[in-house]
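Chemist: show me how the following folds:
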Amino acid sequence: MKAGGFGGGNTLTGLHFERKVDFQELIRTIPGYELKKVPHKAGLGLFFEGRLVARCFRKHDFYRFLEEKGIKWNNIISKKLLPDDALLVIVRETLFIIEVKYQQVAGSVDEKLQTCDFKRKQYLKLVSPLGIKVEYVYVLSDWFKKSEYRDVLDYIHSHCCPK
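Modeler: Numbers count the residues shown, from 1 in each chain. The predicted structure is shown next:
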């Protein structure tokens with residue numbers, strides 16, 4: 001949300017926070033890891049000491065990955081969900097959906113947090129034909145440390161993002 005303004009996709013403070021916690025940029029700072037394009041593959045490959053260990057997708061890249069695997073998303077779910085980041089850890093056969101949320105005042109993000117179980121299950125429908133599990137992860141700004149979020153955070157831990 002824009003400070004003192006209205007919610008929506010044109011907010012600057014949230015975008016600043018999301019850039020600050022850019023998942024792919026964080027990975028690039030870890031010694032031994034490298035992100036690079038894999039020829040004819042969607043997203044980026046995550047390499048550890050030269051070996052492909054994971055695939056990274058942002059927004060529509062995830063659906064390009066599904067196409068690559070012969071999965072037609074619109075035969076499975078009715079509307080695309082666009083992940084901020086998705087990390088497919090090959091050895092664990094697990095897709096981590098990573099959503100970054102920033103808030104300065106109460107707003108629509110409050111209710112979006114409560115949709116984690118639905119979204120995790122939608123992603124699971126998409127990748128279950130591949131034998132892949134799904135974990136849903138939130139990266140939240142300090143705003144959500146307020147006591148009024150205790151119930152929502154408890155719900156998230158119990159249904160979507162186990163501790």
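
Chemist: tell me, what residue is most central in the chain?
Modeler: Centrality entry for the chain: nearest residue to the mean C-alpha point is Ile98, 2.4 Å, by CA atoms, centre = their mean.

Chemist: if that one is in a bridge, with which residues?
Modeler: Per DSSP bridges, residues listed as beta-bridge partners of Ile98: Asp85, Val137.

Chemist: wait, it touches Leu88, no?
Modeler: No: Ile98 is beyond contact range of Leu88, at 11.6 Å (criterion: CB atoms under 8 Å). (C-beta placed from N, C-alpha, C; glycine too.)

Chemist: sketch out the low-pLDDT regions of the protein for me.
Modeler: Judged by pLDDT under 70, the chain has its weakly predicted residues at 1-20, 161-163.

Chemist: and the residue nearest to Lys37 when sequence neighbours are not counted, what are its bridge partners?
Modeler: The shortest distance from Lys37 to any non-neighbouring residue, by CB to CB, 6 or more residues apart in numbering, is to Leu44 (6.0 Å). According to DSSP bridges, the partner residues bridging Leu44 are Cys56.

Chemist: so who does Leu44 touch?
Modeler: Gln24, Leu35, Lys36, Lys37, Val38, Arg55, Cys56, Phe57 (CB atoms under 8 Å, 6 or more residues apart in numbering).
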